[in-house]
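Novice: what follows is a predicted protein model with its sequence.
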2 protein chains.
Amino acid sequence: MPPTTEKRLRAHARRNRDTILATAHVVVREQGANASLEEISRRAGVGSATLYRHFPTRAYLLELVLRDRVESLVTQAETLLADPAPGEALADWLRIVIDLTATNPGLATAMTYRTSEAGLGEPCRDLVRAAAEKLITRAKQAGACNPDVQVDDLLDLVHAIATATEHHPARADALMLLAVKGITTPLPPLPED
Amino acid sequence: MPPTTEKRLRAHARRNRDTILATAHVVVREQGANASLEEISRRAGVGSATLYRHFPTRAYLLELVLRDRVESLVTQAETLLADPAPGEALADWLRIVIDLTATNPGLATAMTYRTSEAGLGEPCRDLVRAAAEKLITRAKQAGACNPDVQVDDLLDLVHAIATATEHHPARADALMLLAVKGITTPLPPLPED
DNA sequence: ACCTGAACACCGTTCAAGT
DNA sequence: ACCTGAACACCGTTCAAGT
């Protein structure tokens, strides 16, 4: 005879967990990284303490909700490494990042997590950083990227733009494009004699 | 005989107002644009309702605290219009803006206010926008500014960077400089034949 | 007119009590 | 082990009552 009660409890716990996670998906999409945890638990039909038991920190919950998006960015970066134009590959990837953050509230925040939440593998920040670094290095070698560009600066800039446009997705592209092209242009070296 | 009671009351009200404003200066410097209004009133030694009576909205209070900084940015823009190098003048002003927002929490937010709070003159956003526009136009005419730059894009970008670095002032310059120089560099037109 | 303290409706987090 | 509802300490805002 299996220990039915015990198993039922665990199954129920798992069901609760899944419900909270599904609800979190919806609410985070609505409200972004600062979604009300109280509301998530309320809508999921559980006490708020149950949510805290399953997901001790906001970061942990947010990462579970958005990690596949982060991984998608990494995958797309890998693909773009095969692009014959290294500068455009970098610019394209930045546009992809911005577009995805603009349509997935909370993603910009999740991308910055530096510590790996229990059992989730490498921190999101590290994943994204590694992806960005490869694209940047290749673009620099091709002379298509400003050699002063530092990975961390670029990621922080992307994060700044993504956060600022999180609720105005239509603005995201314009700001990123501005940063990509630069504001001041060096004058073309005219034959000034 | 002057109406002493009446005058005393008004004087006391004014004193309360001044105290709240002075306290707001301190607390906003500590906590930024989302400083706790409750704490400001608590520290000023008045009830929170008194604060709301004098300063009906957070925006109104924040603008009173930071408007002179905004005006200082406008003044410095005017000065830089006389700089012989239009491109550098623009870049310098952007650095000044970023530096000031990085050392004055809340300023980035105050700069975006689009509606003029009662009796404060033109909205901060308009003031800053006009200043930026002049610098941009001149730099474009000199060929020292990317002709695609739109004033509103640039201001939003500055706001994004300023907000993101509000509590990490040391990062502010690096991000702004990156945006100014641009990320992808067009290859110099090598005689490739 | 102006101020005050209390009240209201929220929030995130913790905890004692239940099964 | 897991869940629940209540409690706690906050917050911004409004309001009735006082002078």
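Specialist: Cool, got the structure.
Novice: what helix or strand is residue A:28 on?
Specialist: Assigned by DSSP states H and E, residue A:28 belongs to helix A:4-31.
Novice: tell me the first helix or strand C-terminal of that helix.
Specialist: Heading C-terminal from helix A:4-31 (DSSP H and E), you reach helix A:37-44.
Novice: do the helix or strand following that next one and DNA strand C meet at all?
Specialist: Scanning forward in sequence from helix A:37-44 by DSSP H and E, the next helix or strand is helix A:48-54. Yes - Helix A:48-54 comes into contact with DNA strand C (CB under 7 Å from any atom of the strand), by way of A:48-49, A:52. From N, CA and C alone the C-beta is placed, and that goes for glycine too.
Novice: now for helix A:48-54, which elements pack on it?
Specialist: Counting contacts by 3 or more CB pairs under 8 Å, 6 or more residues apart in numbering or on different chains; DSSP states H and E, helix A:48-54 packs against helix A:4-31, helix A:37-44.
Novice: and the angle from the shortest one to helix A:4-31?
Specialist: Spelled out, it's helix A:37-44. Angular relation of helix A:37-44 and helix A:4-31 on a 0 to 180 degree scale: 120 degrees, by axes from the mean of the first three to the mean of the last three CA atoms, to 10 degrees.
Novice: hmm, the helix holding residue A:28 in reach of DNA strand D?
Specialist: Yes - using CB under 7 Å from any atom of the strand, helix A:4-31 reaches DNA strand D at A:9-10, A:12-13, A:16-17.
Novice: which parts of chain A sit against DNA strand C?
Specialist: So chain A meets DNA strand C at A:34-39, A:48-49, A:52, A:58 (CB under 7 Å from any atom of the strand).
Novice: can you rerun that using 6 Å?
Specialist: Contact residues, chain A versus DNA strand C (CB under 6 Å from any atom of the strand): A:36-39, A:48-49, A:52, A:58.
Novice: so among the residues of helix A:4-31 next to DNA strand D, which ones count as buried?
Specialist: Listed as buried from the residues of helix A:4-31 next to DNA strand D are A:16-17; burial here means 16 or more other CB atoms under 10 Å in any protein chain shown.
Novice: and residue A:60, what element?
Specialist: Assessed by DSSP H and E, residue A:60 sits inside helix A:58-80.
Novice: just the angle between that helix and helix A:37-44, please?
Specialist: Using the same axes, to 10 degrees: helix A:58-80 against helix A:37-44 is 90 degrees.
Novice: buried ones in helix A:58-80?
Specialist: For helix A:58-80, a neighbour-count test (16+ other CB under 10 Å) marks A:59-67, A:69-70, A:73, A:76-77, A:80 as buried.
Novice: how about stretch A:127-140?
Specialist: Of all the residues in stretch A:127-140, those buried under the rule 16+ other CB under 10 Å are A:127-129, A:131-132, A:134-136, A:138-140.
Novice: try stretch A:85-103
Specialist: A:86-87, A:89-94, A:97-98, A:100-102.
Novice: equivalent analysis for stretch A:140-154, please.
Specialist: By neighbour count with 16+ other CB under 10 Å, stretch A:140-154 contains the buried residues A:140, A:144-146, A:149, A:151, A:153-154.
Novice: I'd like those as a markdown table, with distance to chain B appended.
Specialist: Output for these, formatted as a markdown table (distance: CB to the nearest CB, whole Å):
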| residue | distance to chain B |
| --- | --- |
| A:140 | 9 |
| A:144 | 6 |
| A:145 | 6 |
| A:146 | 5 |
| A:149 | 6 |
| A:151 | 11 |
| A:153 | 5 |
| A:154 | 7 |
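Novice: in chain A, which ranges drop under the pLDDT threshold?
Specialist: Along chain A, the parts satisfying pLDDT under 70 run over A:1-8, A:118, A:185-193.
Novice: up against chain B, what does it have?
Specialist: Residues of chain A lying near chain B by CB under 8 Å from any CB of the partner chain: A:87-88, A:90-91, A:94, A:139, A:143-146, A:148-150, A:153-154, A:156-157, A:159-161, A:163-165, A:171, A:174-175, A:177-185, A:187-189.
Novice: among the residues you listed, which ones are in strands?
Specialist: Per DSSP state E, strands hold no members of the residues of chain A next to chain B.
Novice: ok, and what's touching stretch A:48-64?
Specialist: The contact list for stretch A:48-64 (CB atoms under 8 Å, 6 or more residues apart in numbering or on different chains) reads A:16-17, A:20-21, A:24, A:28, A:33, A:37-38, A:40-42, A:44, A:106, A:109-110, A:113, A:115, A:117-118, A:120, A:124.
Novice: quick one: the buried residues of stretch A:127-140 as JSON lines, columns for distance to DNA strand D and secondary structure too.
Specialist: Supplementary listing: the buried residues of stretch A:127-140 in JSON lines, determined by distance: CB to the nearest atom of the strand, whole Å; DSSP: H, G, I helix; E, B strand; the rest coil:
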{"residue": "A:127", "distance to DNA strand D": "29", "secondary structure": "helix"}
{"residue": "A:128", "distance to DNA strand D": "32", "secondary structure": "helix"}
{"residue": "A:129", "distance to DNA strand D": "34", "secondary structure": "helix"}
{"residue": "A:131", "distance to DNA strand D": "35", "secondary structure": "helix"}
{"residue": "A:132", "distance to DNA strand D": "37", "secondary structure": "helix"}
{"residue": "A:134", "distance to DNA strand D": "40", "secondary structure": "helix"}
{"residue": "A:135", "distance to DNA strand D": "42", "secondary structure": "helix"}
{"residue": "A:136", "distance to DNA strand D": "41", "secondary structure": "helix"}
{"residue": "A:138", "distance to DNA strand D": "47", "secondary structure": "helix"}
{"residue": "A:139", "distance to DNA strand D": "44", "secondary structure": "helix"}
{"residue": "A:140", "distance to DNA strand D": "46", "secondary structure": "helix"}
